[in-house]
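Chemist: Using only what follows, build the 3D model:
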Amino acid sequence: MSQQFPKNFLWGGAVAANQVEGAYLTDGKGLSTSDVQPKGIFGGVVERVAGDSGIKDVAIDFYHRYPEDIKLFAEMGFSCLRTSIAWTRIFPQGDELEPNEAGLAFYDRLFDEMAKYNIAPLVTLSHYEMPYGLVQKHGGWGNRKTIEFFERYARTVFQRYQHKVKYWLTFNEINMSLHAPLTGVGLPENSSKQDIYQAIHHQLVASAKAVKACHEIIPDAKIGNMLLGGLLYPLSSKPEDVMETLQQNREWLFFGDVQVRGSYPAYMKRFFADRGIEINITNEDRQALKSTIDFISFSYYMTGCVTTDEELNQKARGNILSMVPNPHLASSDWGWQIDPQGIRILMNELYDRYQIPLFIVENGLGAYDKPQANGEIIDDYRISYLNDHLVQIGEAIQDGVEVLGYTSWGPIDLVSASKAEFSKRYGFIYVDRDDQGNGTLERRCKKSFYWYKEVIQSNGAALKR
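Modeler: Now for the predicted structure:
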């Protein structure tokens, strides 16, 4: 049976400013936390000195080449492109009173280019970066003052782009702060859980204030959150494993609970008490949190398993993701387990829990792509991965889940977030650059480019079930 998606379903791709733009100091841009992590999220901080360079400094030079790239996205039939605004292009240090006009003008040009092709922007306010100035001078999100700085930034861009951008997200994969505190909340990697959760609290308040501002300034806009969809299954049917899985899933669902329901869920009381964590929550915070999101957006790449068997947990800590593998699933080149049905399960779980629309804003396969002698890139493995996931998304829609759209991660090759490498490619469009930064930056369409074009054109009917 062929599967068509809803009539106004938004099809497209997703990128992040710090992984594609380059031009890292151009037009008054300040240093971000991403700029001082040249080896990616898990690579540690390296202070910048004059004349040094990192792979993200140029990335794929989207800052200068965006007209060519947007044209290719339009050729695929995109009706939506998720991107982010680099906060440091607008407020270079983060605490200025007035924005940087050259930074604002760049995004005007970008959104105007997208409008030429009727591509709707879906814009993330903070995607795995914040001004490094706020970290050095104010202690990042550990400082309550950062709420005010973020609100100023959010209001500035809502005001400026109110006629150009109608879909917004606050923080990318907001639950990732638990695993990468510098990237998530601007705190040192060895920070205590107490400090991390207090910083997360400030971020949740800031997110809610941005939602309120968006609703005031752009009444016809929709604004959502963004979760790393980290669905976990019990490894066995032992009640202990089932209970532990419930607890671990709550660690990331907590963020959605606050952002959709407008208050802390009851179970967090015990979670904090058991760990000796005391969060300073003011009455003003409680009031602010009541401004709730319009839709849930999330990334989905894989699922994991949970066990209370300490021996199996020890073994899992040796692998890249510290996750207990599912014996029933195959893995990607990077050891990520491939579970298309998991996205249907996740979508049903989220929709049952929150009953507001969903938006799948990241999903894709990072793989080594080797051009053939004639230059062609035959990426059947990517087509297969995306086809199988989209079929399951179609099933979830048939289950009654309301979905606004789908933006695959990295429709054009980009610098990976975790390790800042080029060899882990996601794109439908190949970019000629390697892990050492060599290459012409030339763009080339892979086989998947034409496949995705057909899927979009047929509104999902071309998928193979």
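Chemist: End to end on stretch 270-279, go ahead and measure it.
Modeler: 13 Å (CA to CA, to the nearest Å).
Chemist: If you count neighbours, what's buried in it?
Modeler: By neighbour count, with 16 or more other CB atoms under 10 Å as the criterion, the buried positions of stretch 270-279 are Phe271, Phe272, Ile277. All C-beta spots, glycine's among them, are computed from the backbone N, C-alpha and C.
Chemist: Same check on stretch 383-400?
Modeler: Neighbour counts over stretch 383-400 (16+ other CB under 10 Å) mark 383-397 as buried.
Chemist: Out of these, which comes closest to Ile281?
Modeler: Taking CB to CB as the measure, Ile281 lies nearest Ala396 of the buried residues of stretch 383-400, at 34.9 Å.
Chemist: For the helix or strand where the closest one lies, which outside residues touch it?
Modeler: Remark: Ala396 resides in helix 380-398, with elements defined by DSSP states H and E. With CB atoms under 8 Å, 6 or more residues apart in numbering as the test, helix 380-398 has contacts from 3, 5-6, 300, 332, 338, 340-341, 343-344, 347-348, 351, 360, 363-365, 367, 403, 406, 408, 426, 446-448, 451-452, 455, 460, 463-465.
Chemist: In strands only, show me these.
Modeler: Secondary structure assignment (DSSP state E) places Ile360, Val403, Tyr406, Ser408 from the contacts of helix 380-398 within strands.
Chemist: What segments of the stretch 151-300 of the chain are strands?
Modeler: 167-171, 222-228, 232-234, 295-299 (DSSP state E, counting those that start in this stretch).
Chemist: Export these as JSON lines, with columns for mean pLDDT and distance to Glu244.
Modeler: JSON lines is the format used below for the strands of the stretch 151-300 of the chain (pLDDT from 0 to 100; distance: least, CB to CB, whole Å):
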{"stretch": "strand 167-171", "mean pLDDT": "98", "distance to Glu244": "27"}
{"stretch": "strand 222-228", "mean pLDDT": "98", "distance to Glu244": "19"}
{"stretch": "strand 232-234", "mean pLDDT": "97", "distance to Glu244": "7"}
{"stretch": "strand 295-299", "mean pLDDT": "98", "distance to Glu244": "22"}
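Chemist: Nearest to Ala288 among these would be which one?
Modeler: Closest to Ala288 of these, according to CB to CB: strand 167-171, at 12.9 Å.
Chemist: by contact count, what packs against that closest one?
Modeler: Secondary-structure packing of strand 167-171 (3 or more CB pairs under 8 Å, 6 or more residues apart in numbering; DSSP states H and E): strand 120-126, helix 193-217, strand 222-228.
Chemist: For the protein, which residues score under the pLDDT cut-off?
Modeler: Counting by pLDDT under 70, the chain shows low-confidence ranges at 1-3, 318-321.
Chemist: most centrally placed residue in it?
Modeler: Among the residues of the chain, the smallest C-alpha distance to the mean C-alpha position (CA atoms, centre = their mean) belongs to Asn172, namely 4.3 Å.
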